[in-house]
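Trainee: Fold the following, please.
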Amino acid sequence: MSVTHKVVFTPSGLSLVAEQGQSVLDAAREAGVEIASICGGRGLCRRCQVHLQTGNHAKFAMAVSDNSLSPSTTREDEQRARGHLPEGRRMACQARIMGDCVIDLPADTDVAAMHIAKGGAGFTVRHDPPVRLYLCELPIPNLDDNPDDATALAEALTAFGITAWPDLHALTKLQPILARNERRVIAVVRDGVAVVDIWPPSTAHIYGAALDIGSTSLALYLYDLSSGALVYEASAPNPQIRFGEDLMSRVSYIMMNKGSETRLSEAVREGVATLIAGALAATGIAAEHVLELVAVGNPIMHHLFFGINPVELGQAPFTLAVKDWVEAPAGSLGLGLPAAARVQMLPLIGGHVGADTTGAYLAHMDGMAGRSVLLVDIGTNAEILLAHNGRVAACSSPTGPAFEGAEITAGVRAAPGAIARVRIDPANGNGRFQLIGDEAWYSDAAPLPTVSGICGSGILEVMAELASAGLIDAGGRFRAEAAPHRFVPDGQTIAYVLVERSPNPIIIRQTDVRAVQLAKAALAAGVKLLANHLGCTAFDEVLLAGAFGTHLDPAYVAGIGIIPDADASIIRAVGNAAGQGAAMALNSIADKARIIAATATLEKVETATEPRFQEYFVAAMSFPGAPDMPPAARQRRRRPSETPAGAQP
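Mentor: Predicted coordinates for the structure are as follows:
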């Protein structure tokens, strides 16, 4: 009958009953405690250091003595003599359990506590990284063996169950590092088949970055691939903005300026390189330790990032140069990453449905399975994905830039000082508003702070409030008779005054209402088209992805009719789902394989060629809850040929 002992790990508090003679490292893994180790438990890497907490532990009802672990081994004595193993510490792979134990993980060896992210994206990732470190000790060669060190390294890796061969970059570093480190090296193995770098046998971690390349902004998430921990995150404007506010204007710039696609590619790469440099400076991580970058982005950003001219995406049939998973050596892109680093991007779905959509789908794939779930990322072209009855379909809908504040009279990007919330009193038509970064509500009657304009969420709310207050009719025409004092002449028409200030009041023009009408109708038509394609009559859940979706109030999304037949109770924001998908594919080879396989089965619906799109578009033009249009206005409804400005045809 085997002898067992209780083992408690601190600070986590995880415990188990272990068999006598079991190594502390094996017991920790069995208990779910992750201790760093890259030498296969052979006592070489000295990363798995632990501390035996001797004494009486009333909390655990245990008494622990020095005899609770086996005596120090030769390997441990060697490391202690070299100054690599402090007094009082043991190596978890060498120490064996001989009695009840309380094992403490020092902060510098606790994988789960190694790094704290500066901001906390809250992404959940599986830890199954494509790049791993293996500490190898190669035999001392002699003349009779006619040896070569590449073969010796490959043979050493077989002890880990790895069949891998060093590439040329690794070969150039192999012998110098062996000579300086008593024939010990860290082999950096990618995908279990290639040794892509050689490092000295010192304590080191391997890092990777998830990158979301948006048309407006860039977001970077730096991960410790040794543990799956988020180390650092940052965002910055996309430098391509100077070539055009929206995607189509950038494609137009390239069409009109021969060779300018190179300038746009260089701009976005410089922006990414700056983010990476900032991350390394803030964390103290060496660039050569960042070996993986997984990106997502819409098709135009995808093409420009890899140096592919996107002009074919500016006109029907919107042909992609490639839509499969793409990989490239980082050195070819000038991102400040080492020669051994690899840059990858998730697959595209087709047309204007890109890797940002597949990333968002990966992030929510499990929760969408077996349910009717709509996933929407609202931008200049809204990407829409619907899961229903075991099928998944996607489309891109030409919403135009209105939801992002562009082409709106007082529209601005979301930043402190921008109006983000609006309320209009139906009794008198007076408005109140709230600014980004300020929880107070303001009106004309109060001293006004500095107001830059109205951001996307504020634009959506002001339109919904105008409708519910009866200041516009269902067709979007102003009803000045409902509150004459809030309207002013504006050329041949009138404008609503949201903020009365001198000399420049913040107004809503009839053209602004029209722009939002076109945008919301295009989005609603795309949703309706997908629902019709899959035979879906009701949604279990509606997920709003991206920065814009994060700031939307579900009540206004439902109230203005952006998502047909969706109640506010089933609508929720999910943040940067595209970035989360990139992080998942970065940290897990299984998730990478899952999204590649899943993308191949997605059904692409092309809104530009679907005859019912225009029918759904026209039907979605009206504002729910607003007074009916007068009969004469119904005859002047929008012609089906109209297309939102700045969007794909």
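
Trainee: What strand or helix carries the residue nearest to Tyr442 when sequence neighbours are not counted?
Mentor: The spatially closest residue to Tyr442, leaving aside those adjacent along the chain, is Phe433, at 5.8 Å (C-beta to C-beta, 6 or more residues apart in numbering). From N, CA and C alone the C-beta is placed, and that goes for glycine too. Using DSSP states H and E, the secondary-structure element containing Phe433 is strand 431-435.

Trainee: Could you do Ala427 as well?
Mentor: Counting by DSSP H and E, Ala427 is part of no helix or strand.

Trainee: Adjacent strands (with direction) for the strand holding Phe433?
Mentor: In its sheet, strand 431-435 lies beside strand 418-424 (antiparallel), strand 441-442 (antiparallel), with partners assigned from DSSP bridges.

Trainee: per-residue confidence averaged over the first one?
Mentor: Averaged across strand 418-424, pLDDT comes to 92.

Trainee: same thing with stretch 553-571?
Mentor: Average pLDDT, stretch 553-571: 87.

Trainee: Return it as CSV; C-alpha atoms alone will do.
Mentor: Presented in CSV, the C-alpha positions along stretch 553-571 are these (Å, rounded to 0.1, in the frame of the first residue of the first chain):
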residue,chain,number,x,y,z
ASP,A,553,-26.3,52.1,-24.7
PRO,A,554,-28.3,49.0,-25.6
ALA,A,555,-31.5,50.9,-25.1
TYR,A,556,-30.6,53.4,-27.9
VAL,A,557,-29.3,50.6,-30.2
ALA,A,558,-32.7,48.9,-29.9
GLY,A,559,-34.7,52.1,-29.9
ILE,A,560,-33.2,53.6,-33.1
GLY,A,561,-33.7,50.3,-35.0
ILE,A,562,-30.1,49.5,-35.8
ILE,A,563,-30.6,45.8,-35.0
PRO,A,564,-34.1,44.8,-36.3
ASP,A,565,-36.3,43.0,-33.8
ALA,A,566,-33.7,43.0,-31.0
ASP,A,567,-34.7,44.1,-27.5
ALA,A,568,-32.2,45.9,-25.4
SER,A,569,-32.1,43.0,-22.9
ILE,A,570,-30.2,40.8,-25.4
ILE,A,571,-27.7,43.4,-26.6
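
Trainee: could you give the mean pLDDT of the strand holding Phe433?
Mentor: Mean pLDDT, taken over the full extent of strand 431-435, equals 92.

Trainee: cool, stretch 55-63 as well?
Mentor: In this model, stretch 55-63 has a mean pLDDT of 85.

Trainee: Kindly report the same for stretch 502-519.
Mentor: 89.

Trainee: can you check stretch 294-307 too?
Mentor: Per-residue pLDDT over stretch 294-307 has a mean of 93.

Trainee: Tell me the span between the first and last residue of that stretch.
Mentor: The first and final residues of stretch 294-307 sit 16 Å from each other (C-alpha to C-alpha, to the nearest Å).

Trainee: now stretch 393-402
Mentor: Between the opening and closing residues of stretch 393-402 we find a distance of 25 Å, counting by C-alpha to C-alpha.

Trainee: Then stretch 231-248?
Mentor: Its first and final residues considered, stretch 231-248 spans 35 Å by C-alpha to C-alpha.

Trainee: try stretch 501-517
Mentor: Start and end residues of stretch 501-517 are separated by 27 Å (C-alpha to C-alpha).

Trainee: In contact with the residue nearest to Tyr442, which residues are there?
Mentor: Applying C-beta atoms under 8 Å, 6 or more residues apart in numbering, we find Phe433 in contact with 419, 421-423, 441-443, 451, 458, 498-499.

Trainee: Output the below-cut-off pLDDT ranges for the stretch 501-649 of the chain.
Mentor: Confidence mapping of the stretch 501-649 of the chain against pLDDT under 70 gives the ranges 629-649.

Trainee: now the helices for it?
Mentor: With DSSP state H, counting those that start in this stretch as the criterion, the stretch 501-649 of the chain has helices at 510-534, 546-550, 554-559, 577-587, 589-601, 612-619, 631-634.

Trainee: what's the most buried one of those?
Mentor: Stretch with highest mean neighbour count among the helices of the stretch 501-649 of the chain: helix 577-587 (a mean of 29; mean count of other C-beta atoms under 10 Å).

Trainee: So which elements touch it?
Mentor: In terms of contact count using 3 or more C-beta pairs under 8 Å, 6 or more residues apart in numbering; DSSP states H and E, helix 577-587 is assigned the packing partners strand 207-213, strand 217-224, strand 290-297, helix 355-368, strand 373-377, strand 541-545, helix 589-601.

Trainee: Mind listing the strands whichever helix or strand comes after the second one pairs with, and their directions?
Mentor: Using DSSP H and E, the next helix or strand after strand 217-224 towards the C-terminus is strand 229-237. With DSSP bridges as the criterion, the sheet partners recorded for strand 229-237 are strand 217-224 (antiparallel).

Trainee: Report the distance from the partner strand to the chain centre.
Mentor: 8 Å (C-alpha atoms, centre = their mean, to the nearest Å).

Trainee: one step back: for Ser15, find the nearest of the helices and strands packed on helix 577-587.
Mentor: Distances from Ser15 to each of those were compared by C-beta to C-beta, and the smallest falls on strand 217-224, at 25.9 Å.

Trainee: Distance check, Pro130 against Ala582.
Mentor: 13 Å (C-beta to C-beta, to the nearest Å).

Trainee: try Asp324
Mentor: Here the distance between Asp324 and Ala582 works out to 16 Å (C-beta to C-beta).

Trainee: And Thr380, by the same measure?
Mentor: Counting by C-beta to C-beta, the gap between Thr380 and Ala582 amounts to 21 Å.

Trainee: Which residue, other than its chain neighbours, is closest to the residue positioned nearest the centre of the chain?
Mentor: Within the chain, the residue whose C-alpha comes closest to the C-alpha centroid is Gly579; the distance, by C-alpha atoms, centre = their mean, is 0.8 Å. Nearest residue to Gly579, sequence neighbours excluded (C-beta to C-beta, 6+ apart): Asp212, at 4.0 Å.

Trainee: residues in contact with the one you found?
Mentor: Asp212 makes contact with 218-220, 295-297, 356, 359, 576, 578-579, 582, according to C-beta under 8 Å, 6+ apart.

Trainee: Point out where the stretch 251-400 of the chain drops to low pLDDT.
Mentor: If you take pLDDT under 70 as the line, the stretch 251-400 of the chain has no such spans.

Trainee: can you do 80?
Mentor: Low-confidence segments of the stretch 251-400 of the chain (pLDDT under 80): 313-316, 351, 379-381, 398-400.

Trainee: For it, which segments count as strands?
Mentor: Secondary structure of the stretch 251-400 of the chain by DSSP state E, counting those that start in this stretch: the strands cover 290-297, 326-329, 342-345, 373-377, 382-388, 391-397.

Trainee: Let me have those in TSV, extended by mean neighbour count.
Mentor: Formatted as TSV, the strands of the stretch 251-400 of the chain follow (neighbours: other C-beta atoms under 10 Å):
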stretch	mean neighbour count
strand 290-297	27
strand 326-329	14
strand 342-345	23
strand 373-377	26
strand 382-388	26
strand 391-397	24
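
Trainee: Dump the helices of the stretch 501-649 of the chain to a markdown table, plus distance to Val251.
Mentor: What follows is the helices of the stretch 501-649 of the chain, written out as a markdown table (distance: least, C-beta to C-beta, whole Å):
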| stretch | distance to Val251 |
| --- | --- |
| helix 510-534 | 19 |
| helix 546-550 | 21 |
| helix 554-559 | 29 |
| helix 577-587 | 21 |
| helix 589-601 | 24 |
| helix 612-619 | 22 |
| helix 631-634 | 36 |
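
Trainee: of these, which approaches Leu168 most closely?
Mentor: Distances from Leu168 to each of the helices of the stretch 501-649 of the chain were compared using C-beta to C-beta; the minimum, 23.8 Å, belongs to helix 589-601.

Trainee: and that closest one, what does it pack onto?
Mentor: If you count contacts as 3+ C-beta pairs under 8 Å, 6+ apart, helix 589-601 packs onto helix 355-368, helix 577-587.
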